[in-house]
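S.K.: Requesting a structural model of the entry that follows:
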Amino acid sequence: MRALSFSAALVVVTCLATPALAKDRAVTHQEKASLEAAVKSAGCTGGRMEFDDDRSPPHPSGKFEIDDAMCGNQKHDLVFDHDFKLISNEAD
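M.R.: This next block holds a predicted model:
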């Protein structure tokens, strides 16, 4: 019974800790300048910028995410690779 209680507690703690393991961070001043230029090149402006350091196989160096950039008259979520190349542009 004690082992079951410990296992259940471990599952709860793991689930609660998972959001804390996210590796998003604010962009640096240098990254922000490069991202602003990249966003402009994509025909968009503005948006909330962050760096996602998950280092998944498709993005081994992490990726930049721009939420709610204005592209024309519509909000888009943009994703750029570590070299500021556009890899995703999805309308909200």
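
S.K.: For the residue at minimal distance from the centre of the chain, give me its contacts.
M.R.: The residue lying closest to the centre of the chain (Cα atoms, centre = their mean) is residue 52, at 3.9 Å. Under the criterion of Cβ atoms under 8 Å, 6 or more residues apart in numbering, the neighbours of residue 52 are 23-24, 59, 62-65. In this view, the C-beta of every residue, glycine as well, is placed from N, C-alpha and C.

S.K.: Quick check: it vs residue 28, distance?
M.R.: Separation of residue 52 from residue 28 (Cβ to Cβ, to the nearest Å) stands at 14 Å.

S.K.: Report whether residue 33 is found in a strand, as I expect.
M.R.: No: assigned with DSSP: H, G, I helix; E, B strand; the rest coil, residue 33 falls outside any strand and is helix.

S.K.: ok, it - how many residues close by?
M.R.: Using other Cβ atoms under 10 Å, the number of residues around residue 33 comes to 11.
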